[in-house]
Each structure stands twice: as structure tokens, then as C-alpha cells.
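1. Need a 3D model of the sequence below.
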Amino acid sequence: MSDYIVRATAAGAQIRAFAATTRELTEYARNAHNTSPVMTAALGRLMTGAAMMGTMMKSDTDVTTIQIRGVGPAKGITATANGKGEVNGYCMYPQVILPPNSLGKLDVGGAMGDGYLRVIKDLGLKDPYVGTIQLQTGEIAEDLTYYFATSEQVPSSVGLGVLMNKDNTVRQAGGFIIQVMPFVTDEVLNKLEEKLTTIKSVTEILDAGNTPEKMLELILGDLELEITDTIPTCFKCNCDKSRVEKALISLGRDELDDMIKEGKDIELKCQVCNKAYNFSVDELKKLISKCK
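-> Sure, this is the predicted structure:
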């Protein structure tokens, strides 16, 4: 198993925790969308957070979507995950390039700028749950921490990271989410807060050869950590040619007729995974008959 998520509890279920390694799915997205280093970091962090949040859902078919929209040059990114560990994502402007921030790191916050983060949970009910916060830093982990505290009233600590190689491929990616339950004791909370101040960055931990299990052990090892589940995670888009056909049909007869008159095959790409779908003139003619 390469990319995966672990779920755990600690301190007699006073704490629940998640940790993930997501290098392969982040590299898949980088390659599919041809993202710049800063946008690879942004998208990798958001997909990692979404993947872990997806595994918090009760059903495998429940879906969590996280949208970030800002005034920075990136404008926005989106990630969607389900309860099975399947996740995908895309950037509005995938090739944004910025100088490093004041800490010498990829400036994800500068790419996002001021804006908002929105979490949409489709639980199979009539209306989805929607929670929105103003971006705190744009660095994503801090924003998700703030989201959990304000929108879900669950005190949490979120760590996310993406480390790039010199050739701009992904070297490491992953993260953790630590959450305390309402009945947590002051003693456990104080121990956790103290430990979190000493933890290195996610990418430092992973690049030292540590696993998600070890990551949680470093944080919660003194609090009776118990790993409860391991879930594979991967980049997966549910697009197919029939879905693209429906999008073409929705354009209407006039637009399809204009395409046919040009006498050329057309190519449409999925926004989420960038997969290309080709349609011949004859196929377009068949789609016209399906227009209302």
C-alpha cells in the first residue's frame, strides 16, 4: 500500500486522530494538471485534508467537497473526497508562480490571498451541509483548523505538507488531523498541546522515513494511542464519455449545429482530471437528436 490514511483514538477515546501519506496522488494531480510548485503544494494540501475528512463520513457514498476562493493569483482550488478514500482536485489557475515567502517556503497563502474556505458535505439528504469561513492565512492547514473550531465546534489541530524535488516532482505529501472530544480532561488537553508545540513539520516527519502510524505515535504515543483502521487513498475522478456527452447535449441544438458545420472533431477535457474526450462529427450529429 503506497498512499493511505490511518484512523486512531487516544486517551481512552478523548482524542480521535487521522494521518495520511499522499505523495502518489499529489504527484498524479501535478502531472495531470501540470501545476507549478506552489500550486502543487496548494492542491496537495487541500486534497490530503479532504481525503482525511472524507474518511470521517458515516457512509462510503457520502462526499465532502472543499472549495477555496481568493483574490490572489490562484483564484481558487477545489478538492472532493468520499468515504472510501477516493479524492480528486483541480486549480482554477494551475501554473501560478510566486517567489518564496518570508520563511523561504512555497507561498501558498500568497497564491490564495484573502477569501473564503467552504466545506460542502453531501450526506444523501435533501440538502447538503455547507460551512463557510474567511481564510485565516491561506496556508490551508490553519484554515481547516479554524473551520473545525468555528463551523463544527470541534477543537482540532491540522497539519498538512507537500515537499518538492528539484525537478518539481513531489517528494513527500501528507498530513494529520487531531481532534479532541467534548469530554476531554484538562490533563489530556495540556499534554496534547505541549506535544504539538514540539512536533516537526509533516514533510520533515515523512522525509525522515516515518509512516502515518509513526506520525501519530510522535504526537500521541504518550496518550495510549490505538490505531483503529487503515484506508487506501488515491486520486480518482468519476468522469466518463457519457457524462461529457450530457454536458454537450446541455449546450443545445444551436451550439452543437455550429460545431458540426465546422466539420472537425472536437476534444473536451475533464476539469477535474484533465482527461481528454474526442467526439467525431458523426457523434455530434447523434447528440443533436437527444437535445430537447
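
2. gap between the residue lying farthest from the centre of the chain and residue 277?
-> Here the centre of the chain is the reference, and by C-alpha atoms, centre = their mean the most remote residue is residue 261, at 40.9 Å. From residue 261 across to residue 277, the span is 21 Å (C-beta to C-beta, to the nearest Å). Bear in mind the C-beta positions are built from the backbone N, C-alpha and C, glycine included.

3. quick one: contacts for residue 195?
-> 219-220, 222 (C-beta atoms under 8 Å, 6 or more residues apart in numbering).

4. of those residues, buried ones?
-> Among the contacts of residue 195, those classed as buried by 16 or more other C-beta atoms under 10 Å are 219-220.

5. For my notes, please list the contacts of residue 195 in JSON lines and give distance to residue 52 and secondary structure for each entry.
-> Formatted as JSON lines, the contacts of residue 195 follow (distance: C-beta to C-beta, whole Å; DSSP: H, G, I helix; E, B strand; the rest coil):
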{"residue": "219", "distance to residue 52": "14", "secondary structure": "helix"}
{"residue": "220", "distance to residue 52": "15", "secondary structure": "helix"}
{"residue": "222", "distance to residue 52": "22", "secondary structure": "coil"}
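
6. which one in the contacts of residue 195 is the model shakiest on?
-> Ranked by pLDDT, the contacts of residue 195 bottom out at residue 222, which has 92.

7. quick one: it from residue 178, how far?
-> Going from residue 222 to residue 178 by C-beta to C-beta gives 13 Å.

8. and the longest strand for the protein?
-> Taking DSSP state E as the criterion, the chain has its longest strand at strand 170-180.

9. Return that strand as PDB; C-alpha atoms alone will do.
-> Provided in PDB are the C-alpha atoms of strand 170-180 (Å, rounded to 0.1, in the frame of the first residue of the first chain):
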ATOM      1  CA  VAL A 170       6.500  15.500  -5.500                       C
ATOM      2  CA  ARG A 171       9.000  14.200  -2.900                       C
ATOM      3  CA  GLN A 172       6.600  13.900   0.100                       C
ATOM      4  CA  ALA A 173       3.000  14.800   0.900                       C
ATOM      5  CA  GLY A 174       0.700  14.000   3.800                       C
ATOM      6  CA  GLY A 175      -0.900  15.300   6.900                       C
ATOM      7  CA  PHE A 176      -2.700  14.800  10.200                       C
ATOM      8  CA  ILE A 177      -5.900  15.900  11.900                       C
ATOM      9  CA  ILE A 178      -6.100  15.600  15.700                       C
ATOM     10  CA  GLN A 179      -9.400  16.300  17.400                       C
ATOM     11  CA  VAL A 180     -10.500  16.400  21.000                       C
END
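
10. Please state the mean pLDDT value computed over it.
-> The average pLDDT within strand 170-180 is 98.

11. contacting residues around residue 152?
-> Counting by C-beta under 8 Å, 6+ apart, residue 152 makes contact with residue 131.

12. same thing but at 10 Å, please
-> By C-beta atoms under 10 Å, 6 or more residues apart in numbering, the contact set of residue 152 is 56, 119, 121, 129, 131, 179.

13. now do residue 157
-> The neighbourhood of residue 157, defined by C-beta under 10 Å, 6+ apart, consists of 17, 141, 144-145, 148, 176-180, 192-193, 195-196, 199, 219.

14. Distance of it relative to residue 84?
-> 25 Å.

15. One more: residue 218?
-> Counting by C-beta to C-beta, the separation of residue 218 from residue 84 is 27 Å.

16. Repeat that for residue 190.
-> 36 Å.

17. same question, residue 95
-> With C-beta to C-beta as the criterion, residue 95 and residue 84 are 31 Å apart.

18. Which one's more surrounded, the two?
-> residue 84 (18 against 13; other C-beta atoms under 10 Å).

19. Just confirm that one is within a strand.
-> No. Going by DSSP: H, G, I helix; E, B strand; the rest coil, the assignment for residue 84 is coil, not a strand.

20. buried stuff in stretch 68-79?
-> Quick answer for stretch 68-79 (16+ other C-beta under 10 Å): 68-70, 72-79.
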